[in-house]
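Colleague: below is the sequence, then the predicted model.
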Amino acid sequence: MSLSPWDIVSEVLKTAASFCIVFCISILNSAISSKVSWIDLELEIDEKTRAELLASAKKNGIQTICSKHDISGTPSADEILDIVQTNAEKGDIVKFCSTINDHQDALQIVEACQLLKDT
């Protein structure tokens, strides 16, 4: 079976992403060893590795940011609220970042902040 150029690019990007994750884990472990004040643990890190990093950070007195990045767009205010509330125990603070495509996306983030304030 012959792969299209797009299939080849997709496979290269998957391999690069895997390498980046391994490299990032190495950097996070180095940061923990050097006892930095904060580390950012993205939710995209597999759960077992993330739990190990979180435990190591806590053991070393390092505070953690639990982060979620959505480069495809901005979810609804209720979805953002769910992301923050569901992951509140996975770090000292939760950070959500998304791509803003229009004014409505920005308003969804403002609405999510208001909903969080009211909870």
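Modeller: Yep, it's here.
Colleague: grab the longest strand from this protein for me.
Modeller: strand 63-70 (DSSP state E).
Colleague: ok, and the closest non-adjacent residue to Lys58?
Modeller: Thr64 (7.7 Å; C-beta to C-beta, 6 or more residues apart in numbering). In this view, the C-beta of every residue, glycine as well, is placed from N, C-alpha and C.
Colleague: so that neighbour makes contact with Trp38?
Modeller: Yes: contact status for Thr64 versus Trp38: in contact at 7.0 Å, counting by C-beta atoms under 8 Å.
Colleague: so the two - more neighbours on which side?
Modeller: Thr64 (19 against 13; other C-beta atoms under 10 Å).
Colleague: re earlier: for the residue nearest to Lys58, what are its contacts?
Modeller: 38-41, 54, 57-58, 90-92 (C-beta atoms under 8 Å, 6 or more residues apart in numbering).
Colleague: and these, which is closest to Ser98?
Modeller: When the contacts of Thr64 are compared for distance to Ser98 (C-beta to C-beta), Asp40 wins out at 15.9 Å.
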